[in-house]
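**Student:** Prediction below, plus the sequence it came from.
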There are 2 protein chains.
Amino acid sequence: MILDICLSPALYPFYKKENDTVIVVDIFRACTTICTAFANGASAIIPVADIEEAKRYKSQGYPVGAERNTKKCDFADFGNSPFDYTREKVEGKEIVFTTTNGTYAIEQSRGCKTLLIGAFLNIDALAKKCIEIGERTVIICAGWNNRVNIEDTLFGGAFAEKLLIENPVNFDSDAVKIALQLWQSAKHDPLNYIKDTEHYQRLIDNKAEGDASFCLQQNTINLVPYYDRVEEKLKID
Amino acid sequence: MILDICLSPALYPFYKKENDTVIVVDIFRACTTICTAFANGASAIIPVADIEEAKRYKSQGYPVGAERNTKKCDFADFGNSPFDYTREKVEGKEIVFTTTNGTYAIEQSRGCKTLLIGAFLNIDALAKKCIEIGERTVIICAGWNNRVNIEDTLFGGAFAEKLLIENPVNFDSDAVKIALQLWQSAKHDPLNYIKDTEHYQRLIDNKAEGDASFCLQQNTINLVPYYDRVEEKLKID
């Protein structure tokens, strides 16, 4: 098995290969929120990259999650906090979803063979899935406006470590080694480690720092959302 | 003082700000080689991004250094090893230079206000220069075909550490913190650390691994090459 990590969506053209399984990761918070919505019974999530498209869906009666720059958009039903997506609100529903970075990263990579959504919440289920698929796996860190961030890189390192424990993995990529080194420095107290990041400051500024510890929980969810290219929706099996 | 690090030339549009001092870094080997050529008396270096342009200069009588994929180009006088650029061969000369990544990174960033060439060889001189200039400093790691690499990221971390020791530096950037973490893991034995990188393997494949220890030496050179936008040449004061 081959693993690679792309530290920004803008770098994916330089990492892309045929038949890749891509894991899109946006720890704070889009991918954590997508996993949570599915765990609470959402039937599908329609990722859209721009606000106007989200508004069109809204006018057709869809429930819409929309965030820009860490804030919930006024017209939307939900923001980007996983706590917004309760069972009561999402069960059985198709939700339209647009965020600053996460849905952009999905947009950038949806030409790949298999697109999965990754978070600390489902990291073991994700590793199992990638091993089953057996193709080269590339983690795409959503970052922030194409800038590299710590929390998504940490996820990459944690995922690499998971794979290393039980599998022969080809780790020739420098980016994987950088992520693994970072994770090994942080893993004994990830919450404390990420308090020094750009995005934690944004969460504080928006009174959402309580989301951080939720987003760093491991293996609370045993499902892997994937992108259905025909229906253009995120689904679970 | 503000420091930021761009882990690939392809990410520079997302890090760019007005009045930036940009340090282009390609530790293995272009920037190390440029510094060495100046230390051995080269009067200027004309960086060109493509081979055809380098050939045109060659036909006009210029000495040319040209490398692609770690190999010296057949038509060229020099490859990309710092050992090629001896005083005997370069003193008093203007040299045309094109490499896989380093000259590409220069090309991508030459719109910035001040463009400097960085290597471990001149790291202290570089820090001093950036402090004198006093603008936001952005390190652009040349990487490998726009992919992130360890050795240039390590330089970024080492540079951040240098600045931290004596100056109040704004380190809000996650990328700077990632680089600093990597350097702190590697600095006790950088040569051993980089033996596990993609590019060290390429150096071995091309019987150039002896270049690595040369490129990791610190402060053997007290000069800072800069890009003269009028003459379109690298020069030293």
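**Tutor:** It's in. Residues are numbered from 1 along each chain as shown, chains lettered A, B, ... in the order given.
**Student:** and the longest helix seen in chain A, which residues are buried?
**Tutor:** Across chain A, the longest stretch assigned as helix under DSSP state H is helix A:150-166. In terms of neighbour count (16 or more other C-beta atoms under 10 Å in any protein chain shown), helix A:150-166 has its buried residues at A:150-163. For the C-beta atoms, the positions are set from N, CA and C on the backbone; glycine is no exception.
**Student:** which among those are in contact with chain B?
**Tutor:** Residues of those in contact with chain B (C-beta under 8 Å from any C-beta of the partner chain): A:150, A:153.
**Student:** Export the buried residues of helix A:150-166 as CSV, with columns for distance to residue B:61 and pLDDT.
**Tutor:** Supplementary listing: these in CSV, determined by distance: C-beta to C-beta, whole Å; pLDDT from 0 to 100:
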residue, distance to residue B:61, pLDDT
A:150, 51, 97
A:151, 54, 97
A:152, 51, 98
A:153, 48, 98
A:154, 54, 98
A:155, 54, 98
A:156, 50, 98
A:157, 52, 97
A:158, 56, 97
A:159, 54, 97
A:160, 51, 95
A:161, 56, 94
A:162, 58, 93
A:163, 55, 90
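**Student:** one step back: which helices and strands does the longest helix of chain A pack with?
**Tutor:** For helix A:150-166, the packing partners by 3 or more C-beta pairs under 8 Å, 6 or more residues apart in numbering or on different chains; DSSP states H and E come out as strand A:3-6, strand A:21-25, helix A:123-133, strand A:137-141, helix A:174-186, helix A:190-194, helix A:198-205, helix B:174-186.
**Student:** that older thread, could you save the buried residues of helix A:150-166 as a markdown table and add columns showing distance to residue A:135?
**Tutor:** Shown next, in a markdown table, are the buried residues of helix A:150-166 (distance: C-beta to C-beta, whole Å):
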| residue | distance to residue A:135 |
| --- | --- |
| A:150 | 28 |
| A:151 | 26 |
| A:152 | 21 |
| A:153 | 22 |
| A:154 | 24 |
| A:155 | 20 |
| A:156 | 17 |
| A:157 | 21 |
| A:158 | 21 |
| A:159 | 15 |
| A:160 | 16 |
| A:161 | 20 |
| A:162 | 17 |
| A:163 | 13 |
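**Student:** Quickly check the buried residues of helix A:150-166 for the two that are furthest apart.
**Tutor:** Maximum pairwise distance among these (C-beta to C-beta): 20.5 Å, between A:150 and A:163.
**Student:** just for chain A, where's the confidence low?
**Tutor:** Applying pLDDT under 70 to chain A picks out no residues at all.
**Student:** Residue numbers of it in contact with chain B?
**Tutor:** Taking C-beta under 8 Å from any C-beta, the part of chain A that reaches chain B is made up of A:7-8, A:10-11, A:13-15, A:145-150, A:153, A:172-175, A:177-178, A:181-182, A:185, A:196-199, A:201.
**Student:** and residue A:48, how many neighbours?
**Tutor:** Using other C-beta atoms under 10 Å in any protein chain shown, residue A:48 has 21 neighbouring residues.
**Student:** One more: residue A:146?
**Tutor:** Residue A:146 has 20 neighbours, counted by other C-beta under 10 Å.
**Student:** residues contacting it?
**Tutor:** Neighbouring residues of residue A:146 by C-beta atoms under 8 Å, 6 or more residues apart in numbering or on different chains: A:8-10, B:11, B:13-14.
**Student:** List the contacts of the nearest residue to residue A:67 once chain neighbours are set aside.
**Tutor:** Nearest residue to residue A:67, sequence neighbours excluded (C-beta to C-beta, 6 or more residues apart in numbering or on different chains): residue A:80, at 3.6 Å. Listed by C-beta under 8 Å, 6+ apart, the contact set of residue A:80 reads A:29-30, A:33, A:65, A:67, A:70, A:72, A:99, A:102.
**Student:** From residue A:32, how far out is residue A:80?
**Tutor:** Using C-beta to C-beta, to the nearest Å, one gets 9 Å for the distance from residue A:80 to residue A:32.
**Student:** ditto for residue A:23
**Tutor:** Taken as C-beta to C-beta, the span from residue A:23 to residue A:32 is 13 Å.
**Student:** just residue A:117 next, same as before
**Tutor:** For residue A:117, the distance to residue A:32 equals 9 Å [C-beta to C-beta].
**Student:** For burial, what's the neighbour tally of residue A:19?
**Tutor:** Neighbour number of residue A:19 under other C-beta under 10 Å is 11.
**Student:** isn't it right up against residue A:135?
**Tutor:** Yes - between residue A:19 and residue A:135 there is a contact under C-beta atoms under 8 Å: 5.0 Å.
**Student:** so what's in contact with the two at the same time?
**Tutor:** Common neighbours of residue A:19 and residue A:135, counting by C-beta under 8 Å, 6+ apart, are residue A:113.
**Student:** If you count neighbours, what's buried in stretch A:104-111?
**Tutor:** So for stretch A:104-111, counting by 16+ other C-beta under 10 Å, buried means A:104-109.
**Student:** Over to stretch A:203-222?
**Tutor:** Neighbour-count burial for stretch A:203-222, counted by 16+ other C-beta under 10 Å, picks out A:203, A:206, A:208, A:211-212, A:214-216, A:221.
**Student:** And it, end to end?
**Tutor:** One end of stretch A:203-222 sits 26 Å from the other (C-alpha to C-alpha, to the nearest Å).
**Student:** ok, and what's touching that stretch?
**Tutor:** A:27-29, A:32, A:35-36, A:38-39, A:70-71, A:81-83, A:119-125, A:151, A:158, A:190-191, A:194, A:200.
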